[in-house]
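*Asks:* Sequence and predicted structure are below.
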Amino acid sequence: MNHYLDISEEVADALRINMPIVALESTIITHGMPWPQNLETALEVENAVREEGSVPATIAIIDGRLKVGLSHDELMRLADGSLHPVKASRRDIPILIARHGNGATTVSGTMLIAERAGIRLFATGGIGGVHRGAEKTWDVSADLEELAHSSVAVVCAGAKAILDLPKTMEYLETKGVPVIGFGTSELPAFYTRQSGIDLSQHADTPGEIAQLIYVKWALGLSGGVVIANPIPVQYAMNKSIIDAAIGKAIEESEMKGLKGAELTPYLLARVAEVTGGDSLEANIALVKNNAHVAALIAKEYERIGLEAEA
């Protein structure tokens with residue numbers, strides 16, 4: 001894969017001198033938010049990583065090249081839609097490379113490329129999971145399978161609230177993926193801090209989490225880790241309001257016959273409309289918060305690694 005990999009000078013320098021790095025996905029830019037909030041958020045999230053002393057590495061596929069670390073122009077072209085990128089997970093990557101296409105990497109696609117580039121920490125909004133009604137549709141996000149394969153720790157506000165959270169947790173347990181609450185013993189539900197689902201593991205400091213993920217991989221236990229970081233209290237939404245909005249969006253999506261890659265972007269956009277934009281504001285806040293936390297963990301992870309080598 002390295003033959004097709006373009007690592008920016010900033011990220012390459014950070015890799016060479018063991019600076020902490022945080023991978024960032026690009027579907028949140030292209031399929032998760034409207035223009036111009038998507039570009040503004042992408043830049044703010046990168047700045048959030050830098051503010052904590054780490055290096056951001058936004059990942060995408062442009063002209064058939066795997067890009068790790070994007071220029072401002074590349075971010076702009078993704079955000080304004082001029083590249084017409086498709087959502088890219090593991091399945092799509094070889095096709096896009098062979099055809100010199102453009103892709104915005106999902107959680108799974110970002111994890112795969114980040115691991116190949118040597119990046120261990122990744123910040124996103126929420127992971128994909130088992131969709132509601134999956135017992136009939138078999139609609140399960142590729143994110144969950146990638147978490148079982150790629151050794152990258154994903155800082156997120158839980159799985160997206162539009163999903164079946166109990167089934168998502170069962171799937172992760174089956175695949176041996178640890179889910180660690182950051183400052184919480186309950187799985188956050190993206191827009192809200194509560195889901196009613198207890199977590200068996202939690203940690204209260206970035207150093208503690210860094211130690212846990214370092215030991216996992218040092219033991220030769222490959223695969224990812226989910227670090228569940230609740231949305232900040234001041235941005236958390238009322239559970240009854242967001243549940244009603246999600247229910248309405250899901251009902252409408254079923255009437256339209258939406259499924260597969262088109263379903264999640266539709267649901268997120270429709271929920272934002274139903275809530276008068278409140279859910280979009282919450283989404284932006286939680287992504288930035290996750291970037292801050294991921295950067296702090298990345299610093300601690302690099303420190304532990306250097307001490308182990310000393």
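*Replies:* Happy to help now that I have it.
*Asks:* quick one: pLDDT of Asp6?
*Replies:* pLDDT, Asp6: 98.
*Asks:* So, low pLDDT: which residues of the stretch 1-150 of the chain?
*Replies:* For the stretch 1-150 of the chain, the stretches with pLDDT under 70 are 1.
*Asks:* Quick one: the helices in it, in order.
*Replies:* Secondary structure of the stretch 1-150 of the chain, counting by DSSP state H, counting those that start in this stretch: helices at 9-16, 27-30, 37-51, 72-79, 93-98, 107-117, 134-137, 142-149.
*Asks:* Adding mean neighbour count and distance to Ile246, write the ones you listed out as a markdown table.
*Replies:* Glycine gets a C-beta too; all of them are placed from N, C-alpha and C. Formatted as a markdown table, the helices of the stretch 1-150 of the chain follow (neighbours: other Cβ atoms under 10 Å; distance: least, Cβ to Cβ, whole Å):
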| stretch | mean neighbour count | distance to Ile246 |
| --- | --- | --- |
| helix 9-16 | 15 | 36 |
| helix 27-30 | 27 | 18 |
| helix 37-51 | 19 | 20 |
| helix 72-79 | 17 | 26 |
| helix 93-98 | 16 | 30 |
| helix 107-117 | 26 | 19 |
| helix 134-137 | 12 | 16 |
| helix 142-149 | 22 | 19 |
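*Asks:* Can you tell me which of those is nearest to Val233?
*Replies:* Across the helices of the stretch 1-150 of the chain, Val233 has its closest neighbour in helix 37-51 (17.9 Å, Cβ to Cβ).
*Asks:* List the contacts of that closest one.
*Replies:* By Cβ atoms under 8 Å, 6 or more residues apart in numbering, the residues outside helix 37-51 that reach it are 22, 24, 28-30, 32-33, 55-56, 58, 72, 75-76, 78-80, 123, 280, 284, 287-288, 291-292, 294-295.
*Asks:* and it with helix 72-79, angle?
*Replies:* If you take axes from the mean of the first three to the mean of the last three Cα atoms, to 10 degrees, helix 37-51 sits at 140 degrees to helix 72-79.
*Asks:* Adding distance to Tyr266, write the helices of the stretch 1-150 of the chain out as a markdown table.
*Replies:* Listed next are those as a markdown table, based on distance: least, Cβ to Cβ, whole Å:
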| stretch | distance to Tyr266 |
| --- | --- |
| helix 9-16 | 33 |
| helix 27-30 | 14 |
| helix 37-51 | 16 |
| helix 72-79 | 19 |
| helix 93-98 | 22 |
| helix 107-117 | 18 |
| helix 134-137 | 15 |
| helix 142-149 | 18 |
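*Asks:* Tell me which of these sits nearest to Gly64.
*Replies:* helix 93-98 (4.9 Å).
*Asks:* hmm, who's touching that closest one?
*Replies:* Here helix 93-98 has contacts from 4, 61, 64-66, 86, 88, 101-103, 109, 112-113, using Cβ under 8 Å, 6+ apart.
*Asks:* hmm, try it at 10 Å
*Replies:* With contact meaning Cβ atoms under 10 Å, 6 or more residues apart in numbering, helix 93-98 is reached by 1, 3-4, 61-66, 85-86, 88, 101-103, 105, 108-109, 112-113.
*Asks:* which among those residues end up buried?
*Replies:* Buried subset of the contacts of helix 93-98 (neighbour count, 16 or more other Cβ atoms under 10 Å): 4, 61-62, 66, 85-86, 88, 101-103, 105, 108-109, 112-113.
*Asks:* need the strands for the stretch 151-300 of the chain, in chain order.
*Replies:* Remark: strands assigned in the stretch 151-300 of the chain by DSSP state E, counting those that start in this stretch are 153-156, 179-182, 201-203, 225-228.
*Asks:* if I pick Ser8, what's in contact with it?
*Replies:* With contact taken as Cβ under 10 Å, 6+ apart, Ser8 is in contact with Ala14, Val55, Pro56, Ala57, Thr58, Lys67, Val68, Gly69, Leu70, Ser71, Glu74.
*Asks:* for Asn290, same thing?
*Replies:* 22, 24, 45, 48, 122-126, 154-157, 182, 227-229, 231.
*Asks:* Tell me the spacing between it and Ser26.
*Replies:* As judged by Cβ to Cβ, to the nearest Å, Asn290 and Ser26 stand 15 Å apart.
*Asks:* now Glu281
*Replies:* According to Cβ to Cβ, Glu281 and Ser26 sit 21 Å apart.
*Asks:* for this structure, what's the longest helix?
*Replies:* helix 278-309 (DSSP state H).
*Asks:* So for the closest residue to Leu147 other than its chain neighbours, what's the pLDDT?
*Replies:* Spatially, and ignoring its direct neighbours in sequence, Leu147 is nearest to Gly224 (4.0 Å; Cβ to Cβ, 6 or more residues apart in numbering). pLDDT recorded at Gly224 is 98.
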